[in-house]
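**Student:** Quick one, what's the 3D model for this:
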Amino acid sequence: MEIQASAIFRSICWGVNVDFPENLVQFTERFVSDEACAAYLTAVRWPDGAICAACGGRKGWPTSRGTYYCAGCQHQTSLTAGTILHQSHLPLRSWFLGMWLMCTQKTGLSAKGLQRELGLGSYKTAWLMLQKLRNAMVRVGREQLTGTVEVDETYIGGQESRVGGRELVGKSLVAMAVELEGKKVGRIRLRHVPDASGQSLVGFIEDTVAKGAEVHTDDWNGYNRVGEAGYRHRVTPVLGDPKRALKHFPHVHLVASLLKRWLGATHQGRVTGKHLQRYLDEYAFRFNRRRSEHVGKLFHRLVEQLVLRQAKTYLEITRTK
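**Tutor:** Numbers count the residues shown, from 1 in each chain. Presented below is the predicted three-dimensional model:
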């Protein structure tokens, strides 16, 4: 990914407007070249000027190779080093267009669709690009849910005969936490869990919900230790009755229904357990920003987050358990 140093130099020295484009017309007018994308990315990554990745120094200059040379330690830092874009051979403009399409299409974007829209040579390239972007959708240091939080689980996958309770046979179990804003759904958290044990479910709650919050669950024994973990635990027995569960836990059931509809519409339900968590992260990213006035804000947030995440290789991603 070669980027002219002049774009980096301009953005470092004079600053670049990092306001996000509000629509497709503004996007295409603004990001007409790799240099324009580089200037925007630089302003997002280094809003106060370039920082040396080795020593943290701020004194230096751009080189003809598109790197930033540190006067203090002589280290050269690439604009994309240490980010999701590190060592990518795709043009920066292709990444920007891919992010725009991924963030602005309400039903999501399949790898086949991305391959077609960007004119990529292989499905593998498009698939890997989307997986890397999904990795960036979990904000570093994001806040935990607070207030009243409904927690439940749902299955992803086809119905299995002779399978009852919370057994898993050819299905994936997803734990869901939904923060309530009065009677409305607020932020959500989703996790692919190996089972419905207390270790999995209470562990999920501890990672996603702030201590002291009210956690509302059914009477499944996997939630028995929620109170001991530091939460106000409200239990509503559902007695195995789906109608009763829907009545007392309407918010998590709504999220589960929308999630399954999205997976079915965009990915035809063909999301394996091995990669399911990344799709859950994408859905939560979209859902938690559903009230954004402009779709371009999702794009801007993704650009902000991709500079904080390190890239994974194809082997690292496909080996994920």
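
**Student:** hey, let's count contacts and neighbours off CA atoms from now on
**Tutor:** OK.

**Student:** which strands and helices sit next to the helix or strand hosting F204?
**Tutor:** Using DSSP states H and E, F204 sits in helix 198-208. The contact analysis (3 or more CA pairs under 8 Å, 6 or more residues apart in numbering; DSSP states H and E) places helix 198-208 against strand 172-181, strand 184-193.

**Student:** Parallel or antiparallel, list what pairs with the first one.
**Tutor:** Sheet pairing here is set by DSSP bridges, and for strand 172-181 it gives strand 148-156 (antiparallel), strand 184-193 (antiparallel).

**Student:** Could you pull up the residues touching the most centrally placed residue in the chain?
**Tutor:** What sits nearest the mean C-alpha location of the chain, by CA atoms, centre = their mean, is M137, with 2.1 Å. Residues counted as contacts of M137 (CA atoms under 8 Å, 6 or more residues apart in numbering) are D281, E282, F285, L302, Q305, L306.

**Student:** If we ignore the residues flanking it in sequence, what's nearest A81?
**Tutor:** Of all residues not flanking A81 in the chain, Q87 sits nearest, at 7.6 Å (CA to CA, 6 or more residues apart in numbering).

**Student:** Next one: F249 from E153, what distance?
**Tutor:** Remark: distance between F249 and E153 (CA to CA, to the nearest Å) = 11 Å.

**Student:** Report the buried residues of the helix or strand containing K297.
**Tutor:** Per DSSP H and E, K297 falls inside helix 296-306. Buried positions in helix 296-306, judged by neighbour count with 16 or more other CA atoms under 10 Å: G296, K297, L298, F299, H300, R301, L302, V303, E304, Q305, L306.

**Student:** What of stretch 241-261?
**Tutor:** A245, H248, F249, H251, V252, H253, V255, A256, L259, K260.

**Student:** among those, which are in strands?
**Tutor:** Judged by DSSP state E, the buried residues of stretch 241-261 include no members of strands.

**Student:** Out of these, flag the one nearest to G49.
**Tutor:** L259 (40.6 Å; CA to CA).

**Student:** what's the closest non-adjacent residue to the closest one?
**Tutor:** Closest to L259 by CA to CA, 6+ apart is Y283, at 7.2 Å.

**Student:** What is the burial count for that neighbour?
**Tutor:** 22 (other CA atoms under 10 Å).

**Student:** so where does it fall, helix or strand?
**Tutor:** Using DSSP H and E, the element containing Y283 is helix 276-287.

**Student:** Determine the set of other helices and strands touching that helix.
**Tutor:** Helix 276-287 packs on helix 123-135, strand 184-193, going by 3+ CA pairs under 8 Å, 6+ apart.

**Student:** which residues sit in contact with the closest residue to N135 other than its chain neighbours?
**Tutor:** In space, and not counting its chain neighbours, N135 is closest to R278: 6.5 Å by CA to CA, 6+ apart. Residues in contact with R278 (CA under 8 Å, 6+ apart) are Q131, R134, N135.

**Student:** Next: W262.
**Tutor:** Per CA under 8 Å, 6+ apart, neighbours of W262: T107, G108.

**Student:** Next up, the contacts around K312.
**Tutor:** So K312 contacts I84, K132 (CA under 8 Å, 6+ apart).

**Student:** redo that, cut-off 10 Å
**Tutor:** The contact partners of K312, taken as CA atoms under 10 Å, 6 or more residues apart in numbering, are T83, I84, L85, H86, L128, Q131, K132, N135, T318.

**Student:** mind listing the helices for the protein?
**Tutor:** Assigned by DSSP state H, the helices in the chain fall at 5-14, 24-30, 34-45, 92-104, 111-118, 123-135, 198-208, 242-248, 250-267, 276-287, 296-306, 314-318.

**Student:** Quickly compare those and say which is most buried.
**Tutor:** Among those, ranked by average contacts under mean count of other CA atoms under 10 Å, first place goes to helix 34-45 (a mean of 23).

**Student:** Next one: the nearest residue to Q277 once chain neighbours are set aside from K312, what distance?
**Tutor:** Spatial nearest neighbour of Q277, chain neighbours left out: H192 (5.7 Å); criterion: CA to CA, 6+ apart. In this view, H192 and K312 are 20 Å apart by CA to CA.

**Student:** Output the lowest mean pLDDT helix or strand found in the chain.
**Tutor:** helix 5-14 (a mean of 45; mean pLDDT, DSSP states H and E).

**Student:** coming back round to it: buried deepest among the strands paired with strand 172-181, which one?
**Tutor:** Across the strands paired with strand 172-181, the average number of neighbours (mean count of other CA under 10 Å) peaks for strand 148-156, which reaches a mean of 22.

**Student:** Run the angle between that strand and helix 198-208 for me.
**Tutor:** 130 degrees (axes from the mean of the first three to the mean of the last three CA atoms, to 10 degrees).

**Student:** Dump the buried residues of stretch 241-261 to CSV, plus pLDDT and distance to L92.
**Tutor:** Formatted as CSV, the buried residues of stretch 241-261 follow (pLDDT from 0 to 100; distance: CA to CA, whole Å):
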residue, pLDDT, distance to L92
A245, 90, 48
H248, 93, 48
F249, 94, 44
H251, 96, 40
V252, 96, 38
H253, 95, 40
V255, 96, 34
A256, 95, 35
L259, 93, 31
K260, 91, 33
